[in-house]
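S.K.: A predicted structure for the sequence below; I have some questions about it.
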Amino acid sequence: MSEGQRTPIERRKLGAMLGATAVVLVTVGWIGWSATCPCDRTPGGWLFGSVSAEAVHDWSFANDVPLCQIQVGRIPYSINLNCMATPAGALYLSCSVCSTKNWSGVVLENGNVRLRLADTVYPVTATRVLDSGELDRAWSARVAKLQVHAEPPINPPPPPDAERPDHWWSFRLESR
């Protein structure tokens, strides 16, 4: 056998080492991606942070955080979203033309999601709101929050008396 040829055992060992290296690189890359995203409009994976064991009944503190991050699906997929609490402390997520977005379809199929506010992750149930009165309360909470947390001129806040568009969806979030 010449010097450049490998035995079947050596080839299997080399293949196993290359396979293990690929698995480690993909795992490290996924963890790094999950640890830093979602960022801006780039989705992330698993949401890291301390997990709250307590049920939350008053989500008013969510209005102090510019964006919420939610994790949906069996293969973790996370994104940044507007979330807002009403004066009574009910928490909502919202989106424009939500029927075209992947995450909302996943939530409609399985409302068990994870929500991260600052460095804390909350297991919650997301339920689409269909009642127009509740949709108006969620919209009003959104408009009020954006008066404080909008980023003009890129994302100017809506006027305080803005009416809720018909294509606007909201999801109510409740601790589970």
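M.R.: Here it is on my side, so go on. Residues are numbered from 1 along each chain as shown.
S.K.: Enumerate every residue touching the closest residue to Leu91 other than its chain neighbours.
M.R.: Nearest non-adjacent residue to Leu91, counting by C-beta to C-beta, 6 or more residues apart in numbering: Trp59, 3.6 Å away. The C-beta positions use only the backbone N, C-alpha and C, and glycine is treated the same way. By C-beta atoms under 8 Å, 6 or more residues apart in numbering, the contact set of Trp59 is Ala85, Gly89, Ala90, Leu91, Leu173.
S.K.: before we move on, what SS does Ser170 have?
M.R.: Secondary structure assignment for Ser170 (DSSP: H, G, I helix; E, B strand; the rest coil): strand.
S.K.: got the contact list for it?
M.R.: Neighbours of Ser170 in contact, by C-beta under 8 Å, 6+ apart: Tyr92, Leu93, Ser94, Arg128, Val129, Glu134, Leu135, Ala138, Trp139.
S.K.: Helix, strand, or coil at the closest residue to it other than its chain neighbours?
M.R.: Nearest residue to Ser170, sequence neighbours excluded (C-beta to C-beta, 6+ apart): Ala138, at 4.0 Å. The assignment at Ala138 comes out as helix when based on three-state DSSP.
S.K.: measure stretch 89-101 end to end?
M.R.: Length of stretch 89-101, first residue to last, C-alpha to C-alpha, to the nearest Å: 27 Å.
S.K.: ditto for stretch 118-135
M.R.: Using C-alpha to C-alpha, one end of stretch 118-135 lies 25 Å from the other.
S.K.: where does it sit relative to the chain's centre, distance-wise?
M.R.: 12 Å (C-alpha atoms, centre = their mean, to the nearest Å).
S.K.: buried sites along that stretch?
M.R.: By neighbour count with 16 or more other C-beta atoms under 10 Å, stretch 118-135 contains the buried residues Val121, Tyr122, Val124, Ala126, Val129, Leu135.
S.K.: quick check, nearest of these to Leu108?
M.R.: Ala126 (9.0 Å; C-beta to C-beta).
S.K.: Can you check the pLDDT for the closest one?
M.R.: Looking at Ala126, its pLDDT stands at 98.
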